[in-house]
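**Q** One predicted model, sequence on top.
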Amino acid sequence: MCSISARQSGRGTSARRDKYRRGNMPMIALLPELNFDDSVFVTASNRFIKAFVATWQRIPADAKNVIMDYLGLRPGRAFLCFAMDLGDLPVEPLGRCSISENEIVFTFLAPYIQHAADPEGVFAVIAHELAHCHNHAMGTWTSNEAEEEQNTRRLAESWGFHPEPVPNPELLAGIERWKVSRKLEFGEHTEKRVFSLS
């Protein structure tokens, strides 16, 4: 077992490389009740694990406690996806937090995680999705999408993260080129597929 970071605030901040299986998917523990499938996108997965640990360390202790308690009620899983294809949004999201009665599923756009030049943008996306989880836990989540996004941006900003990372056009073009070149290899690993396996 190789710990990527030390435990902070007694609330599980170390991502652990010890593998176990959930269903047919190998997972690693990012937090005691949040597991990550690192089996598909090796480079992006390694970057994501480091970014998650760095993000978690910066979140205030009281917010970590809220998130950890909520994950205790609804254990979470995190996945990287070739495409974020749930819903019919005009712009592909960089991340998503989906909460059901029994679990939380975090999905992130793998090519963005892999190719973003500024790690702060990756940290901000992870923090944003964790902020959605926090809103659910606190009972402040709203089904009004515009209001929820605004509240989540404000919360992530109060934690010290950029409120709305916007990839530059060059990065977006690079992501699209990567998708074209890697479609045969990774194209089936989409967000829709994650939910069809859940």
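**A** Happy to help now that I have it. Numbers count the residues shown, from 1 in each chain.
**Q** only C-alpha atoms for contact and neighbour calcs from this point on.
**A** Noted.
**Q** Name the residues of stretch 150-163 that come out as buried.
**A** Neighbour counts using 16 or more other C-alpha atoms under 10 Å place 151-157, 159, 161-163 of stretch 150-163 among the buried residues.
**Q** So for that stretch, mean pLDDT?
**A** Taken as a whole, stretch 150-163 has an average pLDDT of 94.
**Q** hey, C-alpha coordinates of it in CSV?
**A** Taking Å, rounded to 0.1, in the frame of the first residue of the first chain, the C-alpha atoms of stretch 150-163 are listed here in CSV:
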residue,chain,number,x,y,z
GLN,A,150,-24.5,29.8,-8.8
ASN,A,151,-24.6,28.6,-5.2
THR,A,152,-22.0,25.9,-5.9
ARG,A,153,-19.7,28.4,-7.6
ARG,A,154,-19.9,30.7,-4.6
LEU,A,155,-19.2,27.8,-2.2
ALA,A,156,-16.2,26.6,-4.1
GLU,A,157,-14.9,30.2,-4.3
SER,A,158,-15.3,30.5,-0.5
TRP,A,159,-13.1,27.4,-0.2
GLY,A,160,-10.4,29.2,-2.3
PHE,A,161,-11.0,27.8,-5.7
HIS,A,162,-11.7,29.5,-9.0
PRO,A,163,-15.5,29.8,-9.2
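**Q** what's the burial count for residue 97?
**A** Applying other C-alpha atoms under 10 Å, we find 18 residues neighbouring residue 97.
**Q** next structured bit after the strand or helix carrying it?
**A** Residue 97 belongs to strand 95-99 when assigned by DSSP states H and E. Following strand 95-99 in sequence order, the next helix or strand is strand 104-109 (DSSP H and E).
**Q** other SSEs contacting that next one?
**A** Applying 3 or more C-alpha pairs under 8 Å, 6 or more residues apart in numbering; DSSP states H and E, one finds that strand 104-109 makes contact with strand 76-81, strand 95-99.
**Q** Apply 10 Å and report the result again.
**A** Judged by 3 or more C-alpha pairs under 10 Å, 6 or more residues apart in numbering; DSSP states H and E, strand 104-109 is in contact with strand 34-36, helix 61-73, strand 76-81, strand 95-99, helix 119-138, helix 191-197.
**Q** got a list of contacts for the following helix or strand past it?
**A** For strand 104-109, the following helix or strand on the C-terminal side (DSSP H and E) is helix 110-115. Under the criterion C-alpha atoms under 10 Å, 6 or more residues apart in numbering, residues 40-48, 51, 79-84, 93-95, 119, 121-123, 125-126, 167, 171-172, 174-179, 182, 189-190 lie in contact with helix 110-115.
**Q** to the chain's geometric centre, what's the distance from helix 110-115?
**A** Relative to the chain's own centre, helix 110-115 is displaced by 12 Å; criterion: C-alpha atoms, centre = their mean, to the nearest Å.
**Q** please begin residue numbering at 19 from this point
**A** In the new numbering, first residue 19, that becomes helix 128-133.
**Q** mean confidence score for that helix?
**A** On average, helix 128-133 scores 94.
**Q** In that helix, which residues are buried?
**A** Burial within helix 128-133, assessed by neighbour count using 16+ other C-alpha under 10 Å, is assigned to 128-133.
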